[in-house]
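Trainee: Below are the sequence and a predicted model for it; my questions follow.
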Amino acid sequence: MGDTPRQRIAVIGATGQVGMALSRALHRLGHEVIAVSRGRSASNRSQLDQLAALGMHLAFQEDLTNVSQVVAILAGCDVAVVALRANARLVRELEPPILEAARKADVRRFVPDEFGTHTKGLDYGVGTLFDAKKEFQEQVFRSGLEWTLIFPGGIFDYFLPNLRLVERITTFGNLHCTFPTHSLEDIGAISAKAVTDSLTANKAVQMYANVVTQAKLVTMLKRLWPDHHFEIEHVSTETIIYLKEHGDPLKISAKGGAEPDRERHGINYATYVLGRLACLDDPDTINANDLYPGYVYKKPEEALADPKFVFGETHYNC
Ligand SMILES: NC(=O)c1ccc[n+]([C@@H]2O[C@H](COP(=O)([O-])OP(=O)(O)OC[C@H]3O[C@@H](n4cnc5c(N)ncnc54)[C@H](OP(=O)(O)O)[C@@H]3O)[C@@H](O)[C@H]2O)c1
């Protein structure tokens, strides 16, 4: 565990993409993990079984707005991390009562549901999801609890070109905007170190190891798979700007997407128009490369060379 003493950490949303990777990594570091889920369902059964098999304590809480019940789960925890499916409505409905419960339970540090675009470095108005996350950040800063914000850049699965859920590669806005992207496993590992690290109290941590552009990624993909013809569709900057204001605020049309269309184009706007997925010029932000210089990250080339990553289990036919 290095210099970090064993801590008790509640991960709310432990069965999710970020939550699973983080819970596993916390467990590997020797911490006690309380994996919080709304309940067993067809979609999270295997994740709950994996967490239980590792010896984590499972806590089921169907209604996350029930403050006294959430207090009972968080009692004795050093850190509470929220890694729930995030859209603006869920952030506004669920996170304030979870924060209130953390205060009442005397949790030392609160880690809100960020794990994406560096919202602290953005102005209000860039996207509806970001505005909801920023409003909640202000509540966290006023709460008196220690806080840590984790900004991992883009998860490989979403930000590296691949054909697992879609028929063609889609590019967006400015192909030369730079952004960092990392594997879920690395995001879990760095987040686990950061949420338990005394150096990151009241800080944001920006992961910034693999900095790429869409142009470079598409070139890399074509070089790695020279015999495959990749159909490429481009969504223009003008379309992104229109859809971030006028896209459907409720409909989710992206396969495998969690955000309604308008929120999704807010994310595209921040990343591929403003070039602000990541931010290192915020005064409270620490670059994870400086915090954990010895950590070795998986590279985009490694993921794009893997046929399962690019084509999926069933679609590999090149
Ligand atoms: N950096 C990136 O590229 C990137 C990509 C995707 C997401 N993110 C961000 O990462 C954070 C975590 O997202 P994620 O993709 O890991 O989440 P996720 O896998 O979509 O969901 C996490 C968990 O939330 C619970 N959940 C689902 N729907 C819910 C609802 N309606 N109400 C309450 N709980 C619900 C589920 O757990 P139970 O069923 O067990 O309760 C689920 O396993 C979000 O803030 C998101 O914006 C970042």
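Mentor: Done, it's in.
Trainee: what does the helix or strand where residue 147 lies rub up against?
Mentor: Here residue 147, judged by DSSP states H and E, is contained in strand 146-151. Applying Cβ atoms under 8 Å, 6 or more residues apart in numbering, the contact partners of strand 146-151 are 108-112, 114-120, 137, 140-141, 190-191, 194-195, 200-207, 278-279, 285. (Glycine included, C-beta is placed from N, CA and C.)
Trainee: Sort out which of those are in helices and list them.
Mentor: In helices, judged by DSSP state H, the following of those are found: 137, 140, 141, 190, 191, 194, 195.
Trainee: list the contacts for the residue in the stretch 1-150 of the chain that the ligand sits nearest to?
Mentor: Nearest residue of the stretch 1-150 of the chain to the ligand (Cβ to the nearest ligand atom) works out as residue 16 at 2.3 Å. Residue 16 makes contacts with 83, 84, 85, as judged by Cβ under 8 Å, 6+ apart.
Trainee: what does the stretch 1-150 of the chain have sitting close to the ligand?
Mentor: Within the stretch 1-150 of the chain, the positions near the ligand by Cβ under 6 Å from any ligand atom are 13, 15-19, 37-38, 41, 44, 83-86, 90, 113, 115-116.
Trainee: Among those, the buried ones, what's the PyMOL command?
Mentor: Listed next is the PyMOL selection for buried residues among those, using 16 or more other Cβ atoms under 10 Å:
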select buried, resi 13+15+16+17+18+19+37+44+83+84+86+90+113+115+116
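Trainee: mind checking how far the residue lying closest to residue 232 once chain neighbours are set aside is from the ligand?
Mentor: Nearest residue to residue 232, sequence neighbours excluded (Cβ to Cβ, 6 or more residues apart in numbering): residue 169, at 4.8 Å. Separation of residue 169 from the ligand (Cβ to the nearest ligand atom, to the nearest Å) stands at 17 Å.
Trainee: and residue 169, how far is that from residue 233?
Mentor: Noted for residue 169: a distance of 7 Å to residue 233, by Cβ to Cβ, to the nearest Å.
Trainee: do residue 313 as well
Mentor: Here the criterion is Cβ to Cβ. By it, residue 313 lies 24 Å from residue 233.
Trainee: more crowded one of the two?
Mentor: Neighbours were counted for residue 313 and for residue 233 using other Cβ atoms under 10 Å; residue 233 has more, 11 against 8.
Trainee: helix/strand/coil for the more buried one?
Mentor: Of the three states, residue 233 takes strand under DSSP: H, G, I helix; E, B strand; the rest coil.
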